[in-house]
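Trainee: Curious how this folds, go ahead:
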Amino acid sequence: MRIFLAVVTAGMVIALASCTRTDSNAPKSGSDSVQAVSTSVEKEYYTCAMHPEIIRDKPGLCPICGMPLIKKSGQHTMSSGELALIRSVSLSPSQRVIANVSTTRAERSSLKKEINTVGVVDFAEPLQAKVTARFRGRIEKLHVNFTGETVHKRQPLFELYSPDLVSAEQELILAVNANHSYSTNGDGENQQRLLQAARDRLRVHFGMTTEQIEEVELRKQARTTLTFNSPIHGTVIRKEIQEGQYVDEGMLLYQLTDLSRVWIYLDVYEKDIRFIKVGKSVQITSEAYPNESFTGKVTFISPVLNGETRTVRVRTEFDNPNGKLKPQMYVKAQVSVPVNDVIVIPSSAVLSTGRRDVVWVEVKPNTFEPRSVMLGVHTESACEVLSGLKEGESIVATGGFMLESESQLQQPFAAGSEPAGGVMTHDDHKASTESKPNEVKIVVNGQFVPDVIHAEKGKTLKLSFYREEESGCINEVVFESLHIRRPLASLKTTTITLTPKKAGEITFTCGMDMVKGKIIVEK
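Mentor: Numbers count the residues shown, from 1 in each chain. Have a look, this model is predicted:
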């Protein structure tokens, strides 16, 4: 019994020690330049010279181009430090000159973000006026007889005859005579109120001016027509009447607008709307005046996003004293936004893989390694770096593609896992390797990975779409030729099973037809 207890106790001590060593040797995250993962590969593997992302454990043909796979030798287990080491590229001084590799410093500076968009000129709503009929009558004479004519404030527009107007004027004349008579007898208070009521009726209901009312009182003769004047200085954009036409109360007769100031509506993409503020200066140009620019300002930003164009409507205001900006004219607009005190690098230093942006950093003299970065504001010549680089680090300004090519030649396994300088993670390795013949797992994160799938005619194919993003435009997948449309829920797997009936290609896209993939069906 004692021997049995001793054996059990020794076994427990050994197991505990083994667990402790395993925990202490576990890989730790936190590297600045590479992700802290361990990647296991076979000692010998086969890859394609044209497509190094294709890795197989036995000879065969490349599923993309059909070339024979070539045999390569690899390492057994690579830690994060070893991954960084094999991704580094060292050049001799002469090789550096031949490859045209030049470096610069990541420094703090200022950028000017330029947002380019298009817009349409429109009327300024506060500068419009509508002239309507205040009472029923007949148009006796038109002083402004065509659309587009410029009118001045208080310029006569038309003359209107109405029996009701004549009756109201005669009532005013009678009230004036009665008021004069009763004022002589000493009882003119009531008549004064009746006189004022007759004046108010002509002014409020019929729209007569004080001068016109005084003229009727002085002449003591009713006018058969009433002349209506323009309420503003502007241009006639609508004319709805002709001479001799009968009009009803409330009918629209003229629509006027002042074109000395116009509104221009711009469509700004949602990625740029954070830079647009009310009061921001805007520059526009037009094909009608290619060598002339106009300056205005932002006056209103729509609170609603257009779901079809993914743009926000922005209203700007421009002075237009010479009338050059005409409504419905198309213009090109530019908004300049300064971005101060940020880390800036040349645009030529950034290599984009589609999933991440990479910069080559000179860690030692003539030794370079890739670094994933997050970019902010872009211009034609420079980029803002939000994370991934520190101020003062030496980066490759030109020749980054040569370093990437050299890295792929030196280590095709590491290079092929992430083109343009990225470091392959465990998830990337699973996405790049071929799935089972009848099942393919597709990762959705701004794109479909993989986006090219090989299948066999008449054999059932199971597609498992895993959307690993909570936001983004890929929220559904569409097989138009198969009449299949399925929503893709965030952080969940959506499975679609299909059986190709004939050889060829089957295209699948996102709901907006911007991100695409294809299934190559072989006989």
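Trainee: Now do the residue most central in space within the chain, the pLDDT please.
Mentor: The geometric centre of the chain, computed from its C-alpha atoms, lies nearest to Y269 (C-alpha atoms, centre = their mean), at 2.1 Å. pLDDT, Y269: 92.
Trainee: Was I right to think Q283 contacts S293?
Mentor: Yes. Contact criterion C-beta atoms under 8 Å: Q283 and S293 qualify, at 5.3 Å. All C-beta atoms are positioned from the backbone trio N, CA, C, and that covers glycine.
Trainee: hmm, back to that, surely the residue nearest to the centre of the chain touches T311?
Mentor: Yes. In this structure, Y269 is within contact of T311 by C-beta under 8 Å, at 5.6 Å.
Trainee: mind checking the end-to-end distance for stretch 468-478?
Mentor: 18 Å (C-alpha to C-alpha, to the nearest Å).
Trainee: Now do that stretch: everything it contacts.
Mentor: 443-448, 465, 467, 484-488, 490-491, 494, 496, 508-515 (C-beta atoms under 8 Å, 6 or more residues apart in numbering).
Trainee: Check which helix or strand N190 maps to.
Mentor: Under DSSP states H and E, the secondary-structure element containing N190 is helix 189-204.
Trainee: From the chain's centroid, how far away is that helix?
Mentor: Relative to its chain's centre, helix 189-204 lies at 62 Å (C-alpha atoms, centre = their mean, to the nearest Å).
Trainee: Name the residues that touch the very next helix or strand once past it?
Mentor: Helices and strands here follow DSSP H and E; after helix 189-204, the next one along the chain is helix 210-219. Helix 210-219 is contacted from outside by 169, 172-173, 176, 199, 202-203, 222-223, 226, using C-beta under 8 Å, 6+ apart.
Trainee: Stretch 390-406 too?
Mentor: 89, 91, 96, 99-108, 343, 345-346, 348-349, 351, 359-362, 368, 370, 389, 415, 419-421.
Trainee: Kindly export it (C-alpha atoms) in PDB.
Mentor: What follows is stretch 390-406, C-alpha atoms only, in PDB (Å, rounded to 0.1, in the frame of the first residue of the first chain):
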ATOM      1  CA  LYS A 390       7.200  55.800 -34.000                       C
ATOM      2  CA  GLU A 391       8.400  59.300 -34.600                       C
ATOM      3  CA  GLY A 392      12.000  59.200 -35.900                       C
ATOM      4  CA  GLU A 393      12.000  55.600 -37.300                       C
ATOM      5  CA  SER A 394      13.800  55.100 -40.600                       C
ATOM      6  CA  ILE A 395      11.400  53.800 -43.300                       C
ATOM      7  CA  VAL A 396      11.900  52.800 -46.900                       C
ATOM      8  CA  ALA A 397      10.600  55.600 -49.200                       C
ATOM      9  CA  THR A 398      11.400  53.900 -52.500                       C
ATOM     10  CA  GLY A 399      12.300  50.400 -53.400                       C
ATOM     11  CA  GLY A 400       9.800  48.700 -51.100                       C
ATOM     12  CA  PHE A 401       8.500  46.400 -53.800                       C
ATOM     13  CA  MET A 402      12.100  45.200 -54.500                       C
ATOM     14  CA  LEU A 403      12.400  44.300 -50.800                       C
ATOM     15  CA  GLU A 404       9.100  42.500 -50.900                       C
ATOM     16  CA  SER A 405      10.200  40.500 -54.000                       C
ATOM     17  CA  GLU A 406      13.500  39.600 -52.300                       C
END
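Trainee: In it, which of the residues would be classed as buried?
Mentor: Buried positions in stretch 390-406, judged by neighbour count with 16 or more other C-beta atoms under 10 Å: 393-397, 399-400, 402-404, 406.
Trainee: Can you give the distance of that stretch from its chain's centre?
Mentor: Centroid displacement of stretch 390-406 relative to its chain, using C-alpha atoms, centre = their mean, is 31 Å.
Trainee: Could I have the buried ones of the contacts of stretch 390-406 as ChimeraX selection syntax?
Mentor: A single ChimeraX command suffices to select whichever of those are buried according to 16+ other C-beta under 10 Å:
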select :89,91,96,99,101,103,106,343,345,346,348,349,351,359,360,361,368,370,389,415,419,420,421
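Trainee: picking up where we left off before, tell me the buried residues in the helix holding N190?
Mentor: 191, 194-195, 198-199, 202.
Trainee: cool, and stretch 112-124?
Mentor: Here stretch 112-124 shows 113-115, 117, 119, 121, 123-124 as buried, counting by 16+ other C-beta under 10 Å.
Trainee: Would you mind giving those residues as TSV with secondary structure and pLDDT added?
Mentor: Formatted as TSV, those follow (DSSP: H, G, I helix; E, B strand; the rest coil; pLDDT from 0 to 100):
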residue	secondary structure	pLDDT
K113	strand	86
E114	strand	88
I115	strand	90
T117	strand	93
G119	strand	94
V121	strand	96
F123	strand	95
A124	coil	94
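Trainee: I'd like to know which of the residues you listed is nearest to A455.
Mentor: T117 (42.9 Å; C-beta to C-beta).
Trainee: Identify the bridge partners of I264.
Mentor: V121, T316 (DSSP bridges).
Trainee: That one - how many residues pack around it?
Mentor: By other C-beta atoms under 10 Å, the residues close to I264 number 27.
Trainee: contacting residues for it?
Mentor: Counting by C-beta under 8 Å, 6+ apart, I264 touches 119-122, 282, 284, 296, 315-318, 325, 331, 333.
Trainee: possible to save those residues as CSV with distance to K130?
Mentor: Output for these, formatted as CSV (distance: C-beta to C-beta, whole Å):
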residue, distance to K130
G119, 26
V120, 22
V121, 21
D122, 17
V282, 29
I284, 29
G296, 26
R315, 21
T316, 25
E317, 22
F318, 24
L325, 23
V331, 27
A333, 30
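Trainee: For PyMOL, write a command that selects the buried ones of those.
Mentor: To isolate the buried ones among the contacts of I264 in PyMOL, judged by 16+ other C-beta under 10 Å, type:
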select buried, resi 119+121+282+284+296+315+316+317+318+325+331+333
